[in-house]
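K.L.:
need coordinates for the following:
(2 chains)
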Amino acid sequence: MPEPLTTPAAPSSEQARIRFYQVGSFAVGNRLLDRSLRTVQSDTGRTNSLDSGHRACRGCGEALGARYTLDAAMRAVDGRLVAVNATGCLEVFSTPYPETSWRIAWMHSLFGNAPAVATGVAAAMRVKGRNDVRVVAQAGDGGTVDIGFGCLSGMFERNDDVLFVCYDNEAYMNTGVQRSAATPPAARTATTEAIGPNPGAPFGQGKDLPRLAMAHGIPYVATATVADLHDLEDKVTRAMGIRGARYLHVLVPCPLGWGSEPGDTIRIARLAKETGLFPVFEAEAGKVTSASPIRRHEPVESYLRLQSRFRHLFGEPGRPDLVARIQAIADANIAAYGLLDSVAGTTGGPS
Amino acid sequence: MLRQIEGSRAVAEAVARCRPEVVCAYPISPQTHIIEAVGAMVRSGELAPCEFINVESEFAALSVAIGASAAGARAYTATASQGLLFMVEAVYNAAGLGLPIVMTLANRAVGAPINIWNDHSDAMAVRDAGWVQLFAETNQEAADLHVQAFRLAEELSVPVMVCMDGFVLTHAVERVDVPDQELVDRFLPPFVPRQVLDPDDPVSIGAMVGPEAFEEVRYLAHARQLAVLERIPGVAEEFARVFGRRSGGLVSSYRTEDAEVVVVALGSVLGTIKDAVDERRERGERIGVVGITSFRPFPRDAVRDALGKARRIVVVEKAFSIGFGGVLSTDVAMALQGLEPVVVTVVAGLGGRPITGASLDRVLESAGEDRLPPLTFLDLDVDVVRRELERMAASRRSGPTAENVLRDVGVVAAGPV
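P.N.:
Below is the predicted model:
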């Protein structure tokens, strides 16, 4: 049985005004808040949807992202939730038979069909008059942008009542770090080795899934990272307050695949946002409605240097030309979403 | 009530009377009329409550059914040929998860070359997936088998595929007594799932299983199929009691009492075979027919009982295992292990080629005289085959075989080869 639940978080507009200025982690300020505004994770009565004892690697961003997301969703819908999972790390490390880390109703079918299975669950609940039961489907970037994209696009265009969450660690980590359509340029993977004149993943490829989701005109699209818990929970709560197809794209660093320190997962996720490489924004019905402003602007190098998948860009002789191309991508994001605008967060976005 | 009705329409009405709660639709010939008719019944409110979902592929169609079934809803879809192959990963998944989905397979050839007409290569491609596969001989049986399919599926937590010959049955208009709503309600109890996604009682469905338990889980799937085998005759009996007519069962025998030669087949071709057999009976030959209704699970004992006394078995198959030969024949031969009959295979009706009474009569004549080789392709145009083989031998770049053959037989308005 799920834990008893406390009241849902306050509306995002109120939370958006709260600024945390503690050094390092924004989460520290949580203790200073009114109890009702604190994170779901800080509540000892949270569901622990993905419970301890699973077999994720140390510092796994996806394990954090899944627990944060599902616990917030569980609170938002008063525990009336079913989760559908694509094949991938999250599925493998959480359910080696006969054990399971899931404390919620959970189902895994295949790699590429999680959106369709979720559609089926939602249809079953609707036909049985159980409209209180809501559905979340989740997948890694491979299960979302590549093999699951056909089913995802179908679920979006039908506007089925499903929140689809992509935990994006930018490659196929479960199979040993191969390139996906979410792998960033220059990143070393096992199928884009750092060899030759164009090391790592090619420039000019890949899918911008949040934008593709927006193009379907679905009611709600948002991006988030595991670094900003308030923001992530807030977006999950908002998403669960809306009916129809919703999409949440969460950046989750992978120490194994990115070659980063397990203790740096949150730091790297924050740098992805603070460099402008990963724009954090919300969109409704195909239009960007807000973007999280960059708080302390950093060059992309601060982000790249913490990850050995980009090691070939640095040292002697290094590839400053490629670093500059990555910086140009970040700069374009900043311009497109107004991430450094003085009134950032109210306008912007390439819609 | 008997009505002149298209096979697809009869099946759609029978399915609707089973009160499916989630129906997924993706068009593919020759299945499309079924799903169209179900959709119209949902629109009109004749079938309610039911969620009718237009999906983007067959893979999604069965995946939506998987989610719906796991959440406790009675789920149905229909497909054929390429569509079945496109969803094959989900076909295995539904069976592995023990989800009682019912699916119509309007049997059609599998490409390349692309071909929309009837044969059984689609059903054979997934025979090992863990689905029950029932073959309908007539449209009446196709309609009735769907009602029995939901009953079997839900009772034993196993998906059931009702196979009906594309066009030959799906598009044929003939007399069918569509199962009456009141009787269906009496025959088919509400779906009580063995496992269900429910926030009030959360379980994990679809866990990863390693070598330590995989064999056991797989064996249990086999055991479930064996339980289906035990149950099929009982369900057919109950059906006969409630509806007042016989349909389904494991096998059906026709004039086999003293038969020395028995012809074995699946599906609608049994009608043609029976006509041919009747004619030969009139000429004094001791010949009979056995139709296999339950292809998976395969009724080994029933087949042995039905065929064991014959001297020669001719298996007429609308599919074959390329590089080997008969598929059904292999199963029949296995069932007859240790017994005397010789089993030969006649591959016929591929890609919708008509299986005529005259051709069948010729091949059965040979069988009676012990002149039939182990593997025969009915009405194979050996000259066309020989000419293409010669072209291939003469030139490395002999071109696409399908196009060459079409040109050769004069179907395509193209220049000389």
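K.L.:
contacts, neighbours, all on C-alpha from now
P.N.:
Noted.
K.L.:
any residue of the helix or strand where B:E238 lies up close to chain A?
P.N.:
Following DSSP states H and E, one finds B:E238 within helix B:214-243. No: on the criterion Cα under 8 Å from any Cα of the partner chain, helix B:214-243 is out of touch with chain A, staying 9.6 Å away.
K.L.:
elements contacting the following helix or strand past that helix?
P.N.:
Next helix or strand after helix B:214-243 toward the C-terminus (DSSP H and E): strand B:251-254. Secondary-structure packing of strand B:251-254 (3 or more Cα pairs under 8 Å, 6 or more residues apart in numbering or on different chains; DSSP states H and E): strand B:287-292, helix B:300-307.
K.L.:
output the first one as PDB, nothing but the C-alphas.
P.N.:
Listed next in PDB are the C-alpha coordinates belonging to strand B:287-292 (Å, rounded to 0.1, in the frame of the first residue of the first chain):
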ATOM      1  CA  ILE B 287     -10.600 -41.400 -48.000                       C
ATOM      2  CA  GLY B 288     -11.400 -38.900 -45.200                       C
ATOM      3  CA  VAL B 289     -10.500 -35.500 -43.900                       C
ATOM      4  CA  VAL B 290      -9.200 -34.200 -40.500                       C
ATOM      5  CA  GLY B 291      -9.300 -30.500 -39.900                       C
ATOM      6  CA  ILE B 292      -7.100 -29.100 -37.100                       C
END
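K.L.:
list the pairing partners of the very next helix or strand once past it within its sheet, with orientation.
P.N.:
Using DSSP H and E, the next helix or strand after strand B:287-292 towards the C-terminus is strand B:294-296. Sheet pairing for strand B:294-296, assigned by DSSP bridges, gives strand B:132-135 (antiparallel).
K.L.:
where in the chain is pLDDT low?
P.N.:
I'll assume chain A. A:1-29, A:342-351 (pLDDT under 70).
K.L.:
wait, I meant chain B there
P.N.:
B:412-417.
K.L.:
return the residues of it in contact with chain A.
P.N.:
When proximity is defined as Cα under 8 Å from any Cα, chain B approaches chain A at B:21-22, B:49-51, B:55-56, B:59-61, B:63-73, B:89-90, B:93, B:197-210.
K.L.:
those in helices, which ones?
P.N.:
B:59-61, B:63-70, B:89-90, B:93 (DSSP state H).
K.L.:
helices of the stretch 251-400 of chain B, start to end?
P.N.:
Counting by DSSP state H, counting those that start in this stretch, one finds helices in the stretch 251-400 of chain B at the ranges B:269-282, B:300-307, B:328-335, B:357-368, B:382-394.
K.L.:
which of those helices sits closest to A:L339?
P.N.:
Proximity to A:L339 (Cα to Cα) singles out helix B:382-394 among the helices of the stretch 251-400 of chain B, at 64.9 Å.
K.L.:
helices or strands up against that closest one?
P.N.:
Helix B:382-394 sits against helix B:401-408, with contacts defined as 3+ Cα pairs under 8 Å, 6+ apart.
K.L.:
now the helix it packs on against helix B:382-394, angle please.
P.N.:
120 degrees (axes from the mean of the first three to the mean of the last three Cα atoms, to 10 degrees).
K.L.:
report the distance from helix B:401-408 to the chain centre.
P.N.:
Distance of helix B:401-408 from its chain centroid, counting by Cα atoms, centre = their mean, to the nearest Å, is 30 Å.
K.L.:
what residues does chain A have near chain B?
P.N.:
On the criterion Cα under 8 Å from any Cα, chain B has as its neighbours in chain A the residues A:1-2, A:79-82, A:91-92, A:95-98, A:100, A:102-110, A:113-114, A:116-125, A:127-128, A:133, A:150-151, A:154.
K.L.:
buried stuff in stretch A:64-71?
P.N.:
By neighbour count on 16 or more other Cα atoms under 10 Å in any protein chain shown, the buried set for stretch A:64-71 is A:64-71.
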